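Trainee: could you work out the structure for the sequence below:
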Amino acid sequence: DPDGWNQLGRLQYRLGDLDAAIRSYERDLALGNKAEDQSVVAMATGNLGLIHQARGDLDRAEEMHGKSLEISQKLNRLDWVANQYGNLGLVHQTRGDLEKAENMHRKSLEIETELGRKEGMAKQYGNLGIIHAKRGDLEEAEKMHRKSLEINTELGRKEGMAKQYGNLGSILYDKGESRGACELWSKALALFREMKMPMDVEKAEAIMRNAGCDDLEPEPPA
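Mentor: The predicted structure is shown next:
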């Protein structure tokens, strides 16, 4: 059951068990190759790219995402094409090549908008916000993150909301608005705890601790 292995790998990835996740995705890939099912191969290859990216092996991650993109284009699965453009954007972003990263994210956003896939649009607005923030354009970064937060809130996507609360908190902190930043980070932390996402909980706690945030009681997310 390739779909079962894919879902298991996704859950293991969310729980931070990367070794287990990669075994599940490799099993998924093997089943896809055996059945000569290119849709399964594309999905498994893209997911393996995410694992390599999380481990810091950017060359391997780019290779996996590139293969998945190529297969997705042949299958005319525009939703998967958009996903892989976004993933490649993250690889370039991690390398510090912001121009290539922005190009990939804008390609993804264009397809997601054309398809009316709001979840994908929210992700790419968030990614573009991070790029603008790295360039020091905090106003444009905040604009992108607020667009992402608005869509995620509309969709009720708690994970997306949490990430954007975190991103907006970082922007306020860079602007010197520490109190507002801590309040937003606290909202993000509460959502990550609610969703039982240990890696993100740990990151949010570290950010708040390093910024000297008090133990704030988060307001219910808007």
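Trainee: when you work out contacts or count neighbours from here on, use the C-alpha atoms and nothing else.
Mentor: Noted.
Trainee: so the residue nearest the centre of the chain is in which element?
Mentor: Nearest to the geometric centre of the chain sits Lys123, at 6.6 Å (Cα atoms, centre = their mean). Per DSSP states H and E, Lys123 falls inside helix 118-135.
Trainee: report the rounded mean pLDDT for that helix.
Mentor: For helix 118-135, the mean per-residue pLDDT is 97.
Trainee: what helices and strands are in contact with it?
Mentor: helix 78-95, helix 98-115, helix 138-155, helix 158-174 (3 or more Cα pairs under 8 Å, 6 or more residues apart in numbering; DSSP states H and E).
Trainee: next, the angle from that helix to helix 78-95.
Mentor: 20 degrees (axes from the mean of the first three to the mean of the last three Cα atoms, to 10 degrees).
Trainee: helix 118-135 vs helix 138-155, what angle?
Mentor: Using the same axes, to 10 degrees: helix 118-135 against helix 138-155 is 160 degrees.
Trainee: tally of neighbours for the closest residue to Gly16 other than its chain neighbours?
Mentor: Computed as Cα to Cα, 6 or more residues apart in numbering, the closest residue to Gly16 that is not its neighbour in sequence is Met199, at 6.3 Å. Neighbourhood size, Met199 [other Cα atoms under 10 Å]: 13.
Trainee: now do the strand or helix carrying Met199 and helix 158-174, the angle between them.
Mentor: Assigned by DSSP H and E, Met199 belongs to helix 198-210. Angle between the axes of helix 198-210 and helix 158-174 is 20 degrees (criterion: the same axes, to 10 degrees).
Trainee: distance from helix 198-210 to the middle of the chain?
Mentor: Remark: helix 198-210 is offset 17 Å from the chain centroid, using Cα atoms, centre = their mean, to the nearest Å.
Trainee: what does stretch 100-120 give?
Mentor: 13 Å.
Trainee: check stretch 67-82 too.
Mentor: 18 Å.
Trainee: contacting residues around it?
Mentor: Stretch 67-82 has contacts (Cα atoms under 8 Å, 6 or more residues apart in numbering) with 38-39, 41-43, 45-46, 84-85, 107-109, 111-112, 115, 120.
Trainee: of those residues, keep whichever come out buried.
Mentor: Buried members of those, counted by 16 or more other Cα atoms under 10 Å: 38-39, 41-43, 45-46, 84-85, 107-109, 111-112, 120.
Trainee: and the angle from the helix or strand bottoming out on mean pLDDT in the chain to helix 198-210?
Mentor: Comparing helices and strands within the chain by mean pLDDT, DSSP states H and E singles out helix 2-14 as the least confident, with a mean of 91. Interaxial angle, helix 2-14 versus helix 198-210 (the same axes, to 10 degrees): 20 degrees.
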